[in-house]
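**Student:** model this:
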Amino acid sequence: MSIDRHAPIFVISVAAELAEMHPQTLRQYDRLGLVSPSRQAGRQRRYSQQDVDTLREVQRLSQEGVSLAGIKRILELEHQVSALQSRIKELSTELAEARQREEQEAGRVFAAGLAGDVVSLLRGQRPRPRSQAMVIWRPQR
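**Tutor:** Numbers count the residues shown, from 1 in each chain. Below you'll find the model as predicted:
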């Protein structure tokens, strides 16, 4: 059984301990919008494993000398890249499905039956005799 990385399960004291930060730092990051935990009834913050990972990334960037405004922008851009990568996967799947449908339809031939109806056949397939006889129009010379 695995834990959902996005499930808000940690109270602020546990999240602070996991991220090796002071709880007040987590409150400050929440006010600045760097990490936005879920809220339970009574306005109690609940952090997910994803939030804890983000807090660790904020700490790493801060130790490397990046300002909090810079960190916020980096996190926004990373989120945007992730969303775009997800959209690319969706579009790639749609494109593959469309190409597959196109290949299937490319092998289809339409013929006119004796009754004037349109009959769909696979390439190389002949219409049934009499019930779906094909009318061929040839120009006269």
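**Student:** Following the chain onward from the longest helix along the chain, which element is next?
**Tutor:** Longest helix in the chain, counting residues (DSSP state H): helix 68-106. Downstream of helix 68-106, the next assigned helix or strand under DSSP states H and E is strand 108-112.
**Student:** For that following strand, what does the pLDDT average out to?
**Tutor:** For strand 108-112, mean pLDDT rounds to 74.
**Student:** What strands line up against it, and which way round?
**Tutor:** Here strand 108-112 has these sheet partners by DSSP bridges: strand 118-122 (antiparallel).
**Student:** Show me how far the strand it pairs with is from its chain's centre.
**Tutor:** Chain-centre distance of strand 118-122: 38 Å, with Cα atoms, centre = their mean, to the nearest Å.
**Student:** Restricting to C-alpha, output that strand in CSV.
**Tutor:** The C-alpha coordinates for strand 118-122 follow below in CSV (Å, rounded to 0.1, in the frame of the first residue of the first chain):
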residue,chain,number,x,y,z
VAL,A,118,-23.4,3.7,-50.1
VAL,A,119,-21.6,0.6,-49.0
SER,A,120,-18.4,0.7,-47.0
LEU,A,121,-15.8,-2.0,-47.8
LEU,A,122,-12.3,-2.8,-46.8
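**Student:** low-scoring pLDDT stretches of this structure, where are they?
**Tutor:** Applying pLDDT under 70 to the chain flags the ranges 1, 107-108, 114, 122-141.
**Student:** Please parse it into its domains.
**Tutor:** Annotated domains of the chain cover 12-80, 107-141 [automatic domain parsing].
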